[in-house]
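**Q** Sequence first, predicted model second:
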Amino acid sequence: MGLMKTLLLTDEEVRGILSMRELIDAVEEAFREKALGRVQMPPKLYMFYDCGDLRLMPCHMPSLKVSSVKIVNSHPGNRERGLPTVMATILLIDPETGFPKAIMGGTWITAMRTGAAGAIAAKYLARKDSRVAAFIGAGTQAKTQLMGLLEVMESLREIRVFDIRLEAERRFIEFFEENYADRCSILAAGSAEEAVVGADIVVTTTPSRKPIVMSRWISDGVHLNCIGADAPGKQELDPDILKKASKIVVDDLEQAVHGGEVNVPISQGILRREDIYAEIGEIVAGLKNGRERSEEITVFSSTGLAIQDAVAANLAYRRAVEKNVGSCLKLVY
């Protein structure tokens, strides 16, 4: 690629070189490094607009020699504008020199690394014999959650999906049929309740600010991956689910308290910080146990961490260099 040149990768190029299997392994390593205290990750910085928000996410992982900064938005109204709800750009930095090794589209990385996080949570928290997974929300993030889940849960036999946007639901089903029809069956549910009742794993990927999955629908032994609540005021679960859960697991305690699935119940005094059992990295690193009994209700709240972006961007960079993908620009003279 040439000395002292910055690699430029489009989102489409990144999409062609990242595999979910490799990414799950990379994100799992990042979670472990965090739990062992070997990362620098300042708090996510938010800037709020009338129609959405912008986030700045820096980190450094010294043991992996990886550092990056991501800028990412969330604008739910973008669907009507013909734009993605989430768009991101990642700057990959050489920590020894500060040189910008790569600038790349981060939209697909954001979706994929979040799918990898959901897969890792299910690996440690869901029942090994889980057969039915329900997806509430059917956008891009639901697809990558599906990709990740099917990498780690070989027992799944039925996928259920519900979205208030019928077109999104249709595209999700088409994606499933093109890629996973030989793995299990799929059902378009008529309501969120129909999707959730009897499911072993529930995945929520909506921008909701009020509960859309109710406690009375949840049976013992269910695992829930809560992906949509990633900013203050967002929530997807009936707080009673959190109150009766055996284990509430988050990716980062401070981020979760202020912007994860637990943020609203904690702000309302329904839940306490002390009710959060662990960060997922602590379970990955063996510092705390994952699922211990089949009847446990477990919840994972994903807010998205800069370390996930860093290892994903580094993986994309390495694969791009190997495959001679992308273009180079001499930014620094």
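**A** Yes, it's here.
**Q** Identify each of the helices in the stretch 151-300 of the chain and give its residue range.
**A** Listed in chain order, the helices of the stretch 151-300 of the chain (DSSP state H, counting those that start in this stretch) span 166-179, 192-196, 239-244, 253-259, 263-267, 280-284.
**Q** try the stretch 1-150 of the chain
**A** 11-17, 20-35, 78-81, 107-125, 140-152.
**Q** So for residue 315, which of those sits nearest?
**A** Nearest to residue 315 among the helices of the stretch 1-150 of the chain is helix 20-35 (5.3 Å), distances taken as CB to CB. In short, each C-beta sits where N, CA and C put it, glycine included.
**Q** Next, the angle helix 140-152 makes with that closest one.
**A** Relative orientation of helix 20-35 versus helix 140-152 (axes from the mean of the first three to the mean of the last three CA atoms, to 10 degrees): 90 degrees.
**Q** From residue 17, how far off is the closest residue to residue 143 other than its chain neighbours?
**A** Excluding its sequence neighbours, the residue lying closest to residue 143 (CB to CB, 6 or more residues apart in numbering) is residue 175, at 5.3 Å. Relative to residue 17, residue 175 is positioned 20 Å away (CB to CB, to the nearest Å).
**Q** swap in residue 150?
**A** Distance of residue 150 to residue 17, computed by CB to CB: 20 Å.
**Q** Neighbours of the residue nearest to residue 15 when sequence neighbours are not counted, how many?
**A** Leaving out its chain neighbours, the residue that sits closest to residue 15 by CB to CB, 6+ apart is residue 108, at 4.7 Å. Residue 108: 24 surrounding residues under other CB atoms under 10 Å.
**Q** wait, doesn't residue 108 sit right on residue 11?
**A** Yes: Residue 108 is within contact range of residue 11, at 5.2 Å (criterion: CB atoms under 8 Å).
**Q** Which one, of the helices of the stretch 1-150 of the chain, ends up nearest to residue 245?
**A** Of those, nearest to residue 245 by CB to CB is helix 107-125, at 10.4 Å.
**Q** The closest one: which residues count as buried?
**A** For helix 107-125, the neighbour count (16 or more other CB atoms under 10 Å) marks 107-125 as buried.
**Q** Could you check how many residues crowd around the nearest residue to residue 268 once chain neighbours are set aside?
**A** Among residues not flanking residue 268 along the chain, residue 239 sits closest, at 7.8 Å (CB to CB, 6+ apart). Applying other CB under 10 Å, we find 18 residues neighbouring residue 239.
**Q** again, but for the one 3 residues further on
**A** The number of residues packed near residue 242 is 25, by other CB under 10 Å.
**Q** residue contacts, it?
**A** Contact analysis of residue 242 by CB atoms under 8 Å, 6 or more residues apart in numbering lists 248, 261, 262, 265, 270, 271, 275, 299.
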